[in-house]
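A.B. asks: Pasting the sequence and the predicted model now:
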Amino acid sequence: MKNLSILHVDSEKLLPETMKMWAELYCEIWKEPPWNEDFWKPREVKGEFRKELSRPHGEAFLALENQKVVGFTHGYSVSCQEMREVAGNGLLNKLFKHTNRVYYIDELGVAKEYRGRHISIDLTNSLIQAVKCHGITCITLRTDMQAMAARNLYQKLGFKELKVCDAKYPNRTYWVCQTNEVYDYLR
Ligand SMILES: CC(C)(COP(=O)(O)OP(=O)(O)OC[C@H]1O[C@@H](n2cnc3c(N)ncnc32)[C@H](O)[C@@H]1OP(=O)(O)O)[C@@H](O)C(=O)NCCC(=O)NCCS
């Protein structure tokens, strides 16, 4: 049984200790392969979180177990031009055929010792509900072709892989789903 809660982050009210745990977990998780990003520093990461939350439709959810941060997801909405800047190319322009803004899920991570308990499903479902409340119908994200757990997870939720690689990270492909096509997996 899970003894877990999902916190919808309000940047005005978030306790400094919770922000610190979130930043530390973030730095730990991205050191893992295939990411191998050992350059993140908690102090700088906290600034990035604040920036991200202040973007249009910026949202973050944390998984907490007894006040300890054990997972996170966050994202924001982008215009066509902003999406080009994220991807480094215009190959995702077609997502904007029927809409001005698309939601971009920027981050998702669960602490190693808490994996396999469907925490990422709970986090992602919470973020998708928030996206729906904003009236945004299309969600995109990118993940590494070797990140099997993430690939399986997003596939289970109804995301489809696009034949579009990121310009800066060619091993990362883009995925997309329409919010009305997300599977209510485990609900
Ligand atoms: C990807 C990640 C967030 C998954 O978190 P999690 O809470 O352990 O995943 P869940 O328990 O919610 O699993 C959901 C589904 O994902 C898939 N999955 C999860 N772990 C998996 C693994 N080790 N291997 C293959 N598939 C896996 C399964 O399809 C699973 O559904 P199932 O258990 O019904 O078969 C976690 O492994 C992680 O933080 N990895 C490092 C960071 C990362 O890759 N983030 C994603 C960047 S886009």
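C.D. replies: The structure has been received and is ready for your questions.
A.B. asks: Quick one: the helices in the chain, in order.
C.D. replies: 16-29, 42-53, 80-87, 119-133, 148-157 (DSSP state H).
A.B. asks: what number of residues lie near K41?
C.D. replies: 9 (other C-beta atoms under 10 Å). Yep, even glycine has a C-beta here, placed from its N, CA and C like the rest.
A.B. asks: swap in F49?
C.D. replies: For F49, using other C-beta under 10 Å, the count is 21.
A.B. asks: list the contacts for the nearest residue to A150 once chain neighbours are set aside?
C.D. replies: Leaving aside its sequence neighbours, A150 sits nearest to T143 (C-beta to C-beta, 6 or more residues apart in numbering; 4.5 Å). Each residue near T143 by C-beta atoms under 8 Å, 6 or more residues apart in numbering is listed here: A150, R151, Y154, R172, T173, W175.
A.B. asks: so what's the most centrally placed residue in the chain up against?
C.D. replies: For the chain, the residue nearest the mean C-alpha position is E107 (3.2 Å; C-alpha atoms, centre = their mean). Neighbour list for E107: Y26, F72, T73, H74, G75 [criterion: C-beta under 8 Å, 6+ apart].
A.B. asks: that older thread, report the two of the contacts of T143 separated the most.
C.D. replies: Greatest spatial distance among the contacts of T143 (C-beta to C-beta): Y154 and R172, at 12.5 Å.
A.B. asks: which bits of the protein sit near the ligand?
C.D. replies: Taking C-beta under 6 Å from any ligand atom, the part of the chain that reaches the ligand is made up of 29, 32, 108-110, 115-121, 143, 147-150, 152-153, 156.
A.B. asks: among these, which ones are buried?
C.D. replies: I29, L108, G109, V110, R117, I119, S120, I121, T143, A147, A150, L153 (16 or more other C-beta atoms under 10 Å).
A.B. asks: list the buried ones in the longest strand seen in the chain?
C.D. replies: In the chain, with assignment by DSSP state E, the single longest strand is strand 68-78. Buried residues in strand 68-78, defined by neighbour count with 16+ other C-beta under 10 Å: V69, V70, G71, F72, T73, H74, G75, Y76, S77, V78.
A.B. asks: ok, it: who's next to it in the sheet?
C.D. replies: strand 59-65 (antiparallel), strand 102-110 (antiparallel) (DSSP bridges).
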